[in-house]
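A.B. asks: got a structure for you, letters missing:
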């Protein structure tokens, strides 16, 4: 009985009228988990290096809620864009044959670094940063972003476009990219340490 309820709920959440909402919530949860994981890793690394250097005691983990809130804003942005982007790609290249998948991957490899770079602009606005500082951060991270996008995300997207039904594309991406979201959290905040 419970499994029927869950099945109906999932079918409803991933139906056309609710898909944008579902994708947005999924993306926000995913990027929040990635950020909290990254904050924990940074805390662990900081404690480890302090212990190595001065035999100091571990400092308790303090969750930076503002940072996670800002990442959640980025999650909304990514989710809205991702929902629109996957819908566009599926309309433009509707089949799962190799040539359509290849075209989707080419579009994805061009769009990914631009999308992540635009999030730097979003964070610059949120943090009331001068535009030249934001552009400096984009320039200093662009190679790293492109490398990660092309080496990590393109294989993930190949699986996505080849095997995942369109309604579940963003769920798949958000789930498998929690580690990538932790990486983005690191990249977006590494100059703040």
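C.D. replies: Good, I have the coordinates. Keep in mind the model is a prediction, meaning the values are calculated, not measured.
A.B. asks: Please name the nearest non-neighbouring residue to residue 187.
C.D. replies: residue 141 (5.5 Å; C-beta to C-beta, 6 or more residues apart in numbering). Yep, even glycine has a C-beta here, placed from its N, CA and C like the rest.
A.B. asks: Number of residues surrounding the one you found?
C.D. replies: Using other C-beta atoms under 10 Å, residue 141 is surrounded by 20 other residues.
A.B. asks: how near is it to residue 180?
C.D. replies: Distance check for residue 141 against residue 180: by C-beta to C-beta, to the nearest Å, it reads 14 Å.
A.B. asks: still on that earlier bit, surely the residue nearest to residue 187 meets residue 113?
C.D. replies: No - applying C-beta atoms under 8 Å, one finds residue 141 not in contact with residue 113, separated by 9.9 Å.
A.B. asks: Which helix or strand lies directly C-terminal to the helix or strand hosting residue 46?
C.D. replies: Taking DSSP states H and E as the definition, residue 46 sits inside helix 19-54. Next along the chain after helix 19-54, taking DSSP H and E as the criterion, comes helix 65-92.
A.B. asks: related to what we said a few turns ago, for the helix holding residue 46, packing partners?
C.D. replies: Counting contacts by 3 or more C-beta pairs under 8 Å, 6 or more residues apart in numbering; DSSP states H and E, helix 19-54 is packed against helix 2-13, helix 65-92, helix 169-176, helix 178-189.
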